Each structure stands twice: as structure tokens, then as C-alpha cells.
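Engineer: predicted model, plus sequence, below.
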Amino acid sequence: MKIGYRELKRDEELKACVALQEEIWGLDPYNVTSMITLTAMTMDHPRLGLLMGAFDDERLVGFSFFLASLEPHNVYGHMLGVLKEYRDRKVGVEILNVSFERLAEVGAKRIVWTYEPLESRNAHVYFNHIGGRVLRYHTAHFGVGGTMHQGMPLDRFIFETRLGVTPSLPEFSVGDALKRYPVADGRMWPDDDGLLVQIPGDLQELKSQDMDAAGQWRMRTRGIFEDYINRRRYAVEGFLSGHEKGERRSYYLLRAREKK
């Protein structure tokens, strides 16, 4: 499989991008980014945004969408999506790398975006392939419906990365991390300098099988993240995922910004 990457400009490419939003996230026509907006964001003068596509031959299979900011040298990462059958093939990582090259050419230095805190695939890409940190946790960040969400609140991490920063891969396995750090799970609220917070190994699979269980993960981790990140000002510094006892287990590593 040879995937090509290029900026989306033509009407048929923008229409394919709208259709991809519906397919990937189950968005209805009211919530997708429209052709009118995409056309404005892909103008050459003035430059308002960057819309990059991943193509298998001429089929659009993924895209990234970045918006200009009123803050100098800052860019907002609005969307990153890849069709299900093309995930786990580094298409998301490559489309980001190509996008970052374009953004650096026009003077961007820092990118901020939001992502689903319970999504292990995204966390792995952002922490272990891109590099960065979580700034805040926002509850019900998007008031969006759709077939994928079924009433589950769309909480989001506010994540930042600086162009040119080399990501640091986890120094130890999930098993080693569990021996080294306590786990904050809603029953235990450790006050250690470092701690772990578990998330589902595969959120999309869980949602397809048991939306109630997915919603329970949301509410349990919401309280933990709000307390440690927003109130105690812990930083989310890493992400670990691996198979333990026959199942995939995924954890964020949080550290206190100031020694207790």
C-alpha cells in the first residue's frame, strides 16, 4: 500500500472531505465542516488554513485540518481523521508530519488541538509519535450529536506540541509502570509526584458493544482528570499501552508540576 499526501483544493476533493467526516465520526450534515467553509480555508490569499489529504490511489482515506490563529506563530489543529480500515498503518502520523512541514514553511511554531482523552490510538500518536503535553481538560467541549456518540458527552484534552520537538517514547512497559506508580481510579486518589490513570484499550470497540460501559469510563475519568489536571495542575507527560493478563491496557502518566 502506497499512500500519497497532498493539499486538498479541488471541489471534488472538498466534497470527499465532507463525506469522510460523516463516515469517520457519524456526523450529520448540520455538524460537518461545510463546502463553503472548506473553500474559504483552502484559499491561497489570504491563507486561512491547511487541509491535507491522504490518498490511496485517488481515494481520500484520511485528512488533517489546521486553522490559522490570532496568536502569532500559533495554529489550531481542528480535525484529524482516518478511515477505519487504514488505521494502525501510520497514516495519521504521516499526514501530521507532512502537515507540520507545510506549517513550518509559513512560520508556525506551536500547535494546539483537542482530542478524545479515552481514545488510546490518538493518545499513542500524540504522545509517542508527535510529542507534547496536555494543558487542560474540558467537559462537554463539543455539543455535537451523531450516531457514534449516542448521548456520551464529548469531553476533550487540550493538547499542545511545538514543531521540531522530538517525542520521548515510554521508558518502561505497562507492567513496570504499575509497579512504580499508583493508579488513580476514583476510589484511590494518590498524592504522589507520579501516578497512572487507566483508559479503555479500544474505545471504539467498547462503544460498539456497550455504550453504558463507555459512558461509565467517561464519568469516572472525568472526575480524575478535572481534579489532577485542572485543580492540582498535574501534567500529562506520557502514554503507555500494552497487553497485560490477555487484554490491552492503556494508561496516562501524570506528574506533579511542583513537588508536594
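Structural biologist: Sure, I can see it.
Engineer: I'd like the average pLDDT over stretch 183-194.
Structural biologist: The pLDDT scores in stretch 183-194 average 93.
Engineer: list the buried residues in it.
Structural biologist: For stretch 183-194, burial by neighbour count (16 or more other Cβ atoms under 10 Å) applies to 184, 194. Backbone N, C-alpha and C define where each C-beta goes, glycine included.
Engineer: can you give me the helices in this protein?
Structural biologist: Taking DSSP state H as the test, the helices found in the chain are 11-25, 35-41, 91-105, 120-123, 174-180, 203-209, 211-225.
Engineer: pick the most buried one from those helices.
Structural biologist: helix 120-123 (a mean of 20; mean count of other Cβ atoms under 10 Å).
Engineer: so which elements touch that one?
Structural biologist: Applying 3 or more Cβ pairs under 8 Å, 6 or more residues apart in numbering; DSSP states H and E, we find helix 120-123 packed against strand 234-244, strand 247-256.
Engineer: lowest-confidence stretch among those strands?
Structural biologist: With a mean of 89, strand 234-244 has the lowest mean pLDDT of these.
Engineer: can you list the neighbours in contact with that one?
Structural biologist: Residues outside strand 234-244 that contact it (Cβ atoms under 8 Å, 6 or more residues apart in numbering): 120, 123-124, 126-128, 133-134, 157, 168, 170, 172-175, 177-178, 195-196, 201, 228-229, 248-257.
Engineer: ok, 6 Å please
Structural biologist: 120, 123, 127, 133-134, 170, 173-174, 177, 228, 250-257 (Cβ atoms under 6 Å, 6 or more residues apart in numbering).
Engineer: so the spatially most central residue of the chain bridges to which residues?
Structural biologist: In the chain, the C-alpha nearest the mean C-alpha coordinate belongs to Tyr115, at 3.5 Å (Cα atoms, centre = their mean). Taking DSSP bridges as the rule, Tyr115 bridges to Phe157.
Engineer: before we move on, back to that, can you tell me which of the helices of the chain is nearest to His138?
Structural biologist: Nearest of the helices of the chain to His138, taken as Cβ to Cβ: helix 211-225 at 9.8 Å.
Engineer: could you dump that closest one to PDB, C-alpha only?
Structural biologist: The C-alpha coordinates for helix 211-225 follow below in PDB (Å, rounded to 0.1, in the frame of the first residue of the first chain):
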ATOM      1  CA  MET A 211     -22.300   2.300  25.300                       C
ATOM      2  CA  ASP A 212     -23.200   2.300  29.000                       C
ATOM      3  CA  ALA A 213     -19.800   1.000  29.900                       C
ATOM      4  CA  ALA A 214     -18.200   3.700  27.700                       C
ATOM      5  CA  GLY A 215     -20.200   6.300  29.500                       C
ATOM      6  CA  GLN A 216     -19.100   5.000  32.900                       C
ATOM      7  CA  TRP A 217     -15.400   5.300  31.700                       C
ATOM      8  CA  ARG A 218     -16.300   8.900  30.800                       C
ATOM      9  CA  MET A 219     -17.700   9.900  34.100                       C
ATOM     10  CA  ARG A 220     -15.100   8.100  36.200                       C
ATOM     11  CA  THR A 221     -12.100   9.500  34.400                       C
ATOM     12  CA  ARG A 222     -13.700  13.000  34.100                       C
ATOM     13  CA  GLY A 223     -13.600  13.500  37.900                       C
ATOM     14  CA  ILE A 224     -10.000  12.200  38.000                       C
ATOM     15  CA  PHE A 225      -8.700  14.400  35.200                       C
END
